[in-house]
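Colleague: any chance you could fold what I've pasted below:
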Amino acid sequence: MSDHWKSLTLREDANLLKKEIYTYQIGADTFEIELFETVQSEYYAIGTPTNSDLLYIFGSAVVKDPALALDQAIKKINREHDQTEIQFVGEDGTDFSLD
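Modeller: Got it, this is the predicted structure:
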């Protein structure tokens, strides 16, 4: 797919995102995962259940790899679905250091 949208001139106070939508199913549960790409080629994913009375939001960090963003959101969904306790931040191998 073309990156023509990244070459547009935007207002200084504006930002343009590209969004892809995925459907993730675990048993009878369905989640919609939105993958966002910034003009700077950074990615993040946000997952929400589609058949729940409660709104849960499962988000990734902002990363340079779209697959990593999707993977982080899916791992969070899996933890909640399986009631798995998060052991520590970054357990998926992601380096969250600011250095």
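Colleague: contact partners of stretch 37-50?
Modeller: Stretch 37-50 has contacts (C-beta atoms under 8 Å, 6 or more residues apart in numbering) with 5-6, 10, 15-20, 23-24, 29-36, 55-66, 68-70, 72-74, 76-77. C-beta coordinates here come from the backbone N, C-alpha and C atoms, glycine included.
Colleague: measure how far that stretch is from the centre of its chain, please.
Modeller: 4 Å (C-alpha atoms, centre = their mean, to the nearest Å).
Colleague: give the other helices and strands that the worst-scoring helix or strand of the chain on mean pLDDT contacts.
Modeller: Least confident element among the helices and strands of the chain, by mean pLDDT, DSSP states H and E: helix 66-82 (a mean of 94). The helices and strands touching helix 66-82, judged by 3 or more C-beta pairs under 8 Å, 6 or more residues apart in numbering; DSSP states H and E, are strand 17-26, strand 29-38, strand 43-49, strand 58-59.
Colleague: any chance of those in TSV with distance to residue 82, mean neighbour count and mean pLDDT as columns?
Modeller: Output for the helices and strands packed on helix 66-82, formatted as TSV (distance: least, C-beta to C-beta, whole Å; neighbours: other C-beta atoms under 10 Å; pLDDT from 0 to 100):
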stretch	distance to residue 82	mean neighbour count	mean pLDDT
strand 17-26	9	12	96
strand 29-38	11	17	96
strand 43-49	14	21	97
strand 58-59	13	19	96
